[in-house]
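Student: compute the structure for the input listed below.
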Amino acid sequence: MRKFFVKWILGSYIRLFIKQISGAENIPKKGAYLIVSNHNSMIDGVGIIYAVLKKTNRLIGVVTKFRPIRRTRISRFLKTFFEGFARLFIEFISAWEKRVTDRVAVRLKKGKPMLIFPEGFSNRKKTLFKARTGAARIAVLSKVPVLPIGVMNSEKILPRNVYFPRFYRAMIKIGKPFTLEKYYGKENDKAALEEATIVIMKKISKLCGKEYPIG
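Tutor: I've put the predicted structure just below:
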C-alpha cells in the first residue's frame, strides 16, 4: 500500500515536474546507503523518493527540518501533512530531535536507505551553503556507501513562500556511490568530519552545478 501510494498516486503528480532523471543506474538495488543532495526546494525530497522507488522499488527514509516559518493556515496544513499523513507512507526523522545522527545511523545499519540534505535548509542561491557535519558523521558511524545527488531548477517549482507548485520541470542527476572509509572510527574527530563534509559537498557540487565555496 505504501509503495503503491508513492509510486503510482504521488508519482503520477510528481512526474509532471521532473524533466529528467539521469544516473538512475547508480542507485544501489539492495543494502543500506546514505543519499546526500543539495536542497533548493521542499519538493526535492519527494522527487528523490520517487526516483529511487521507480528504479529499485524501495522506499527511503528522510531526515527533515520541516518547520513552517509563517503561522498561516497553509503552513499549519503542510506541517500536519508532513508530520501526520505523510508518515503513514514515508519514514521521516526530524533533524530537530536529539541524537539524530545516531538514530539515522541505526536505521542504516538495519538496512534502510536514508536521505539527508547536508546544507540543512533550502537554498535558492547560486552557491551551496556551508554544510554541517551531520551527514559525514552518519556515513562514518554507519559505514555505508554515500549516494550523491544534484537537483536543478526545483526552486522554480516551489519558490520561497509559495505553497502551490508552479509548472516548471526539475532535473535530478545521480552520481556514483562512494565511501568515506578513510574516516571510519573518526566520528568524534571534528577536523576529520569537516574534511569528510567537503568531500561530500564537492561531489554534490559537480552534480548540481553549484559551487561549494569551501575547501
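Student: hey, let's count contacts and neighbours off CA atoms from now on
Tutor: Noted.
Student: for the protein, which helix is longest?
Tutor: For the chain, the longest helix by residue count, based on DSSP state H, is helix 190-208.
Student: which one is Lys29 nearest to, not counting chain neighbours?
Tutor: Beyond its immediate neighbours in the sequence, the residue positioned closest to Lys29 (C-alpha to C-alpha, 6 or more residues apart in numbering) is Thr56, lying 5.5 Å away.
Student: ok so, going back, buried ones in the longest helix of the chain?
Tutor: 192-194, 196-198, 200-208 (16 or more other C-alpha atoms under 10 Å).
Student: helices or strands up against it?
Tutor: Helix 190-208 sits against strand 34-37, helix 134-142, strand 146-152, strand 170-174, with contacts defined as 3 or more C-alpha pairs under 8 Å, 6 or more residues apart in numbering; DSSP states H and E.
Student: contact partners of the longest one?
Tutor: When you say that, I think you mean helix 134-142. 34, 36, 101-102, 104-106, 108-109, 116-118, 145-146, 179-181, 183-188, 193, 196-197, 200 (C-alpha atoms under 8 Å, 6 or more residues apart in numbering).
Student: try it again with 6 Å
Tutor: 101, 105, 109, 118, 184, 187, 193, 196-197 (C-alpha atoms under 6 Å, 6 or more residues apart in numbering).
Student: now it: average pLDDT?
Tutor: With pLDDT averaged residue by residue, helix 134-142 scores 96.
Student: for that helix, what is the distance to the chain centroid?
Tutor: Taking the mean C-alpha point of helix 134-142 and that of its whole chain, the gap between them comes to 14 Å (C-alpha atoms, centre = their mean, to the nearest Å).
Student: compute the inter-axis angle for that helix and strand 146-152.
Tutor: Relative orientation of helix 134-142 and strand 146-152, computed by axes from the mean of the first three to the mean of the last three C-alpha atoms, to 10 degrees: 160 degrees.
Student: okay, the angle between helix 134-142 and helix 190-208?
Tutor: Using the same axes, to 10 degrees, the inter-axis angle of helix 134-142 relative to helix 190-208 is 110 degrees.
Student: may I have helix 134-142 as PDB, with CA atoms only?
Tutor: Output for helix 134-142, consisting of C-alpha atoms alone and laid out as PDB, is shown next (Å, rounded to 0.1, in the frame of the first residue of the first chain):
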ATOM      1  CA  GLY A 134      25.900  15.600  10.400                       C
ATOM      2  CA  ALA A 135      25.800  13.700   7.000                       C
ATOM      3  CA  ALA A 136      29.500  12.900   7.300                       C
ATOM      4  CA  ARG A 137      29.200  11.700  10.800                       C
ATOM      5  CA  ILE A 138      26.200   9.400   9.900                       C
ATOM      6  CA  ALA A 139      28.200   7.900   7.000                       C
ATOM      7  CA  VAL A 140      31.200   7.300   9.200                       C
ATOM      8  CA  LEU A 141      29.200   5.800  12.000                       C
ATOM      9  CA  SER A 142      27.200   3.500   9.800                       C
END
